[in-house]
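*Asks:* Below is the sequence, then the predicted model.
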Amino acid sequence: MEETIRRAAMLIKGARNMVLISGAGLSVDSGVKDFRSSSGWWRNIDPRTVATVEALEWNYDLFHEFYATRVTQLKEVAPHRGHSILAEWEKRGMLACVSTQNVDGLHQIAGSQTVHELHGTIREFRCHDCGRPHGEAAFLKKETCPCGGKLRPNVVLFGESLPEDAWQCTIDALKEADLVLVIGTSLQVAPVNQLPFLTRCRRIFINAEETGYEDRFDVFIKGRALDSLVAIQERLDAE
Ligand code: APR
């Protein structure tokens, strides 16, 4: 691990246009469940029953229970030191932007300014029918929109298209990137899992488990996001 931390720190030290692509594993160290590891959401729940438009339209009670649970849990979590280190790298001009699959808003709370939420957010809500914005309290109380429509988080459900702006900004950032850093994702979900490979620059992957994509990265750190980011920062401080 020490050698991979050293190599990663060397690449990051020289970066002036790094792009981060993050997934649920980055938030696990803040106490937020991921999806596909042994303790993830999809171990006990079939995503088709809760994270699709069909689930919203035909089984709203289960849909609402799943998202209301996650929204409520967010009140108990905070960004960890790894999120803060990433925000600091942006401030120092090393990290150009964060493109995240995460819907928890922890990057922004930690201070990251340029964050592209590729799978939306569960911190904002709207009417599924007319699109009118609604507050968290209305969603948690299971109110309906004055138009009669059901309320939902602004999360991208399976089968829905990704937010055009977040996607295009990520593509544009990757064109200029001098380093891609991927943290805490199984790289199982398209089209985000293609993003790291759209560039010709160096790539670093930090993940707790192997995913089968490791050999497509210049550096693979098998470890927790928090520990790895702290170790890299300590290495940078020692330079
Ligand atoms: N540090 C680093 N990696 C971790 C940690 C940790 N503390 N904990 C878990 N991981 C790894 C897991 O081993 C796994 O490979 O993070 C990865 C998380 O993968 P997923 O659970 O599949 O999450 P993600 O890749 O973000 O999922 C993509 O799928 O269900 C949809 O919309 C949802 O955005 C999500 C998308």
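*Replies:* The structure has been received and is ready for your questions.
*Asks:* So which residues on the protein come close to the ligand?
*Replies:* Those residues of the chain that sit near the ligand, judged by Cβ under 6 Å from any ligand atom, are 23-25, 28-29, 34-37, 40, 47, 101, 119, 184-186, 188-189, 207-209, 211, 224-225. Yep, even glycine has a C-beta here, placed from its N, CA and C like the rest.
*Asks:* Just the buried ones from those residues, in ChimeraX syntax?
*Replies:* This is the ChimeraX syntax for the buried subset of those, where burial follows 16 or more other Cβ atoms under 10 Å:
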select :23,24,25,28,29,34,35,36,37,40,101,119,184,185,186,207,208,211,224,225
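*Asks:* First-to-last residue distance for stretch 139-156?
*Replies:* Taking Cα to Cα, to the nearest Å, stretch 139-156 runs 16 Å from one end to the other.
*Asks:* what comes up buried for it?
*Replies:* Within stretch 139-156, the residues that count as buried by 16+ other Cβ under 10 Å are 139, 145, 149-156.
*Asks:* Who are the contact partners of the one residue in the chain that gets nearest to the ligand?
*Replies:* Taking Cβ to the nearest ligand atom, the ligand has its nearest neighbour within the chain at residue 25, 2.2 Å off. Contact criterion Cβ atoms under 8 Å, 6 or more residues apart in numbering gives 34, 37, 183-186, 207-208, 225 as the residues in contact with residue 25.
*Asks:* Could you pick out which of the residues you listed are located in helices?
*Replies:* Among the contacts of residue 25, the members falling in helices are residue 225 (criterion: DSSP state H).
*Asks:* Include pLDDT when you put the contacts of residue 25 into JSON lines, please.
*Replies:* Compiled in JSON lines, the contacts of residue 25 are given as follows (pLDDT from 0 to 100):
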{"residue": "34", "pLDDT": "98"}
{"residue": "37", "pLDDT": "96"}
{"residue": "183", "pLDDT": "98"}
{"residue": "184", "pLDDT": "98"}
{"residue": "185", "pLDDT": "98"}
{"residue": "186", "pLDDT": "98"}
{"residue": "207", "pLDDT": "98"}
{"residue": "208", "pLDDT": "98"}
{"residue": "225", "pLDDT": "98"}
